[in-house]
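J.: got a predicted structure plus its sequence, pasted below:
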Amino acid sequence: MNDRLADNLQQVTAEIAAACVRAGRSPNEVTLVAVTKYAQLAWVRQLVELGVHDLAENRPQQFAERAAQLPAEIRWHLIGHLQRNKVKSVVPRTTLIHSVDSLRLLERISEVAAERTLLPQVLLEVNVSGETAKDGLPAAELKAQWDVLQAVPHVQIAGLMTMAPLTDDPEAARPVFRALRELRDELARRAAPQTRLTELSMGMSGDFGVAIEEGATLVRIGSRLFEGLDS
Ligand SMILES: *Cc1c(COP(=O)(O)O)cnc(C)c1O
């Protein structure tokens, strides 16, 4: 057992709890999703033994390989760009797809789900900052397409996801996180009764405290968990 990994996990968990206290929220409202894309399989196994059962990969290929090698009780999250030709391999094994960034992709997920009588949970990825290089639906487009998106059958839109611009200053991410929450609130007011937009996937290693203060329910943390481990 690698002590460093246990220490890192303990620190991250403590910081999540502290952010919840600052925000007057219950720690039960926030799920740590461990991003394992750069982690060795042995470390991931240890993390599972330490009790972390929500794991995320950003590439469908590595996700499929690891899902086959790790215990079945793991809840797998897909957080990276998903191509429509990969949907079939991904949908049956994911708990939550965070990175749905177009109506076409949502419709493809719906098709696959219908064939297999599944009801996948997804998040819509939003490009809040409007940077052209970023993945995600621009907020204006999402608002304009909302009625069409939420009418797509065989999928459950559970909330929104975003990536803040990378900076050294977590406060720089706050306006982005706040904007995502406000967008969620606005869409929730225009939602059909069966649509419950409870999830906000935002915050990574450098800014998860701020994200929790702004309402994150899922924080996606990679490097903070695995830093300092020898490869
Ligand atoms: C890699 C990745 C993360 C985790 O980033 P860290 O800074 O290592 O915590 C979170 N979200 C997405 C979409 C990622 O690709």
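T.: Everything's here; your move. Numbering: from 1, shown residues only.
J.: and the residue nearest to Gln46 when sequence neighbours are not counted, what does it touch?
T.: Spatial nearest neighbour of Gln46, chain neighbours left out: Leu5 (5.5 Å); criterion: C-beta to C-beta, 6 or more residues apart in numbering. (Each C-beta comes from the backbone N, C-alpha and C, glycine too.) By C-beta atoms under 8 Å, 6 or more residues apart in numbering, the contact list for Leu5 reads 43, 46-47, 50, 225-226, 229.
J.: for Pro153, same thing?
T.: By C-beta under 8 Å, 6+ apart, the residues touching Pro153 are 110, 114.
J.: state the distance from it to Ala192.
T.: Counting by C-beta to C-beta, to the nearest Å, the gap between Pro153 and Ala192 amounts to 12 Å.
J.: same check, this time on Leu41
T.: Between Leu41 and Ala192 the distance is 41 Å, computed by C-beta to C-beta.
J.: ditto for Ala173
T.: Between Ala173 and Ala192 the distance is 31 Å, computed by C-beta to C-beta.
J.: more crowded one of the two?
T.: Using other C-beta atoms under 10 Å as the criterion, Ala173 and Ala192 rank with Ala173 on top: 25 against 10.
J.: doesn't Leu166 make contact with that one?
T.: No: in this structure, Ala173 is not within contact of Leu166 by C-beta atoms under 8 Å, at 9.1 Å.
J.: so what's in contact with the two at the same time?
T.: Between them, Ala173 and Leu166 share these contacting residues under C-beta under 8 Å, 6+ apart: Gly206.
J.: so which residues on this structure come close to the ligand?
T.: Contact residues, the chain versus the ligand (C-beta under 6 Å from any ligand atom): 35, 37, 58, 79-80, 163, 204-206, 220-224.
J.: out of these, which are buried?
T.: Using 16 or more other C-beta atoms under 10 Å as the burial test, the residues of the chain next to the ligand include 35, 37, 58, 79-80, 163, 204-206, 220-222, 224 as buried.
J.: so which of those residues sit within strands?
T.: Applying DSSP state E to these, the entries found in strands are 35, 220-221.
J.: Arg22 versus Gly209, what's the distance?
T.: If you go by C-beta to C-beta, the gap between Gly209 and Arg22 works out to 8 Å.
J.: of the two, who's got more company?
T.: Neighbour count, other C-beta under 10 Å: between Gly209 and Arg22, Gly209 has more, with 19 against 12.
J.: was I right about the more buried one contacting Glu15?
T.: Yes: with contact defined as C-beta under 8 Å, Gly209 counts as touching Glu15 (6.0 Å).
J.: please enumerate the shared neighbours of the two.
T.: Taking C-beta under 8 Å, 6+ apart as the contact criterion, no residue touches both Gly209 and Glu15.
J.: show me what whichever strand or helix holds Ala140 is packed against.
T.: Here Ala140, judged by DSSP states H and E, is contained in helix 139-150. Applying 3 or more C-beta pairs under 8 Å, 6 or more residues apart in numbering; DSSP states H and E, one finds that helix 139-150 contacts helix 103-115, strand 121-127, helix 174-189.
J.: going on from that helix, what's the next piece of helix or strand?
T.: Scanning forward in sequence from helix 139-150 by DSSP H and E, the next helix or strand is strand 156-161.
J.: in that following strand, which residues are buried?
T.: Residues of strand 156-161 classed as buried: 157-161 (neighbour count, 16+ other C-beta under 10 Å).
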